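here's my sequence, what's the structure:
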Amino acid sequence: MRLYGYLASASTLALILTAAAPARAADANAADGDAGPALEELLVTAQKRSENLQDTPIAISVLTSQGLEDRNVYSLVDLGDGAIPSLKVAPFFSRPGALIMNVRGIGVLSDSNQPARDQGVGIYVDGVYLGRPQGLGTALYDVESIEVLKGPQGTLFGRNTEGGAVSITTKRPTGEFGLMAKAGVSNFAGYVGEMHLDLPRVANISVKLDGVVTARDGWVKNPLATAEDFGGYNKRALRARLLWEPVANFTADYAYDAAYDATTTLYQQFLAASTYPTALAPAAGNTASTKRIRNATFGVPQRESIGRTEGHRLTLDWKLSDHALVKSITSYRDLTQSQWDNGSVAQSAGVFRTGATFLNQDYGRYSLAYFKQQQSSEEVQLIGDLPRIKYVLGALYYRERVSDNARAFATNTFTDAVGVNGVPRAIDPLTQRIDRASEVTTKSYGAFGQATYTPPLLDDALHITAGGRFTRDEKKGRMRTINNVNFPLGSAGRIIGGLTSPNPLDESWERFDPILNVAFDVSEDILVYGKYSTGYKSGGANSRSLRYAPFDPETVAMFEAGAKAEFMDRRVRVNVSAYDGRYKDIQLDFSAQYLQTDPVTGALLQTQRTTTETTNAPGKGKLRGFEADVAFAVTDELTVSGSYAYNKVKIPDTLNPFPQANGRIITVPIPIYQVYTPENAASFSIDYSRPAFGEARFVAHLDGNYGDGYYANYTDVAYDPVTRAVTIRQPKGDSSFLVNARLSIADLPTGPGRTTVSIWSRNLLNQEHVFAKFLSDRTGLGGFFNEPRTFGLEVSMKM
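A predicted model of the protein is given here:
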């Protein structure tokens, strides 16, 4: 019933806009005889062809290259402030170079860093799918636009797009000489350098070279002088792109890119001691604070986590005729990512009393991991149009091989009885026991087709789109090591070192993802549509498990209704959408640290710590929400825009598959919360530009981003298994409101080019909030704060 309400709301708004548009446009024309201000036309490629955003019956948000510069976005990490309300971006705390990406509350619920697991939001760069969350934090190149496609995109984009897709398009070579160079400095010893060089076309070949470097010290000081601070980064990237155009109907576009991303882990702050009967006393040196601190409480060894990516892409476009195009996208990519994480020292069990004295008690949990991936893909598309039909057909092959290993150990020892002073332990991190190691090979095959038919009626205002995609995923892998016990190839079922060697992963899944979309041109400037689509996230296995048992794909089916309108001679743009979906076979992890309350004694029961298991939740979850994007060209000099997203996710209560410490299986399902999903999120921006002096312009940008607090852990800490009353509730993070600003004197004539001088700030008001909170009955409340205010000066020149 909610869907009908959403459809009615969208239709009502469309009728209002239909009535309002002609009158307002006429008023505007009467008041001003010329064209007046107008919003920029936005082109998108959501349907595998370049189209006007307003003519595309899909909910899409777009950030242009200018929008990225205004917000000082150098990597996808910088979109975490909420520039696009429907998209939530957050770093994995232990390795900030890996990102959590959710759209409409769908994408990541559990640990997707593992080799045999995937995210539910697909990331694409120039049509190439990036298969891992590792490496997503690298520096961006010369970006043309970032499109966020909301809702399942299973037909045209395929696997792992149940929540949506993020499509990044970079700038092509122009074939004419052009140079842009930028240099800047910022607080926390930050700096940035950027260069984009276009070379003149020679022998029908155009070349473009891009390079960027950006770095910053950590913003939480590590008291250990020889160690890295927390929250710093050093990103470097380069790309070479060649465009060959030997004849009018054929192009070959080759790109090579390489990136280096060194980050230090975020710092988990000790917010409050536990007040529960099972609480441990904190060390005297471990002071709780609800304010963002600049100095860590303990000095611990901390290295940079380093990610390296390298890739090749070849895109061939062959125009068969004015109405048909064949496209081939071939790619190969290589990724390595290390992890050095000691950021949870203030919340690790070692800084809480576990004995009679703190003397000689170890603390500081150093989590090390190494991840390696290689992927290759080939996609072929046929894109064309007939008198009343637009179509796209395609096929895809994707292969990746992934491996990882991980270990964790204590790094420091207290030298006094109360827990104030400590020293690093004399150990070699790389000789410590391996907790887990796994490897997996994935192959995916897909074939898809989609067509839009415009029947000869209603003045060609009706457009019916239908399509589907068949996909087959295959995953083969194994656990090589569990708890420092190595399992030789072919040892499944044997008991080695007290552990049963787990069965290898050898699974395949097949899917068909359809789409049906009906759109109607209410007028030349107003489009309404209704859509049904599906998507899925691939199945796999949990490498933190003792059993390495397979789990199935999770799926999303969604109805969406929307309206897109422009009026007042394209001065005002209003795009709205509402959706109602079903979330099925949700992949859930149950950590061994999960606690329950004994129904007889009231004592907290703790499970084993060595493993987690993944299960597909029974029943169907529910997804519903509403989104709006509005822009208004107030004058030629002033543009204001705003976006809002309401999102509600309900996941079925689910059984914990773990036996409890007393051997009992609890048969009462527990409540599950969606993570990294603010229920309400909004953003606004104000852009102002006017002549300053001579040929120079004064340019100002201000944006603000609001988000409700959200869960970072999807289960409560403890509950009564009989009444299901929560006895220790997991808290949400804080709500946030972040403001960014940029002021520029642009286009100053300087010799052969033009120079722009800018000052900028992110988190201008220095607002602080804990975006992720984690509660333990023993060690209390910990959490991760947002970054403090950053600001800087940049000078750029274009020729």
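
which parts of the stretch 551-700 of the chain are strands?
All strands of the stretch 551-700 of the chain, identified by DSSP state E, counting those that start in this stretch, fall at 554-567, 572-584, 587-591, 595-597, 604-606, 612-616, 620-633, 638-654, 670-672, 680-691, 697-707.

for Gly364, which of the ones you listed is the nearest?
Evaluated over the strands of the stretch 551-700 of the chain, closeness to Gly364 peaks at strand 587-591, with 21.1 Å, by C-beta to C-beta. Bear in mind the C-beta positions are built from the backbone N, C-alpha and C, glycine included.

show the average pLDDT along the closest one.
The average of the pLDDT scores along strand 587-591 is 84.

next, the most centrally placed residue in the chain: secondary structure please.
Closest residue to the average C-alpha location of the chain: Met101 at 2.4 Å, with C-alpha atoms, centre = their mean. State at Met101, reduced to three classes by DSSP: H, G, I helix; E, B strand; the rest coil: strand.

what lines up beside the strand or helix carrying Asn412 in the sheet?
Asn412 is part of strand 389-414, with elements assigned from DSSP states H and E. Paired neighbours of strand 389-414 in the sheet (DSSP bridges): strand 362-386 (antiparallel), strand 422-424 (antiparallel), strand 436-453 (antiparallel).

pull out the buried positions in it.
Residues of strand 389-414 classed as buried: 390-394, 396, 398-407, 409-414 (neighbour count, 16 or more other C-beta atoms under 10 Å).

quick check, distance from it to the centre of its chain.
When C-alpha coordinates are averaged (C-alpha atoms, centre = their mean, to the nearest Å), strand 389-414 and its chain have centres 14 Å apart.

so for it, mean pLDDT?
Mean pLDDT, strand 389-414: 96.

next: stretch 121-138.
Summarised as a single mean, pLDDT over stretch 121-138 is 94.

shouldn't Arg469 be in contact with Gly154?
Yes - with contact defined as C-beta atoms under 8 Å, Arg469 and Gly154 form a contacting pair (5.9 Å).

what's the overlap in contacts for those two?
511, 513 (C-beta atoms under 8 Å, 6 or more residues apart in numbering).

neighbour count: these two, which is higher?
Taking other C-beta atoms under 10 Å, Arg469 and Gly154 do not tie; Gly154 has more neighbours (31 against 25).

the more buried one should be in a strand, yeah?
No - using three-state DSSP, the assignment for Gly154 is coil, not a strand.

so who does it touch?
The contact partners of Gly154, by C-beta under 8 Å, 6+ apart, come to 161-162, 469, 471, 511, 513, 515, 533-536.

filter the residues you listed down to the ones in strands?
Taking DSSP state E, the ones among the contacts of Gly154 that sit in strands are 469, 471, 511, 513, 515, 533-536.

highest neighbour count among those?
Neighbour counts for those, by other C-beta under 10 Å, peak at Gly535, which reaches 33 neighbours.

and that residue, what pLDDT?
At Gly535, the pLDDT recorded in the model is 96.

for it, which non-adjacent residue is spatially closest?
Nearest-residue entry for Gly535: Pro152, 3.1 Å, with adjacent residues in sequence omitted and distances by C-beta to C-beta, 6 or more residues apart in numbering.
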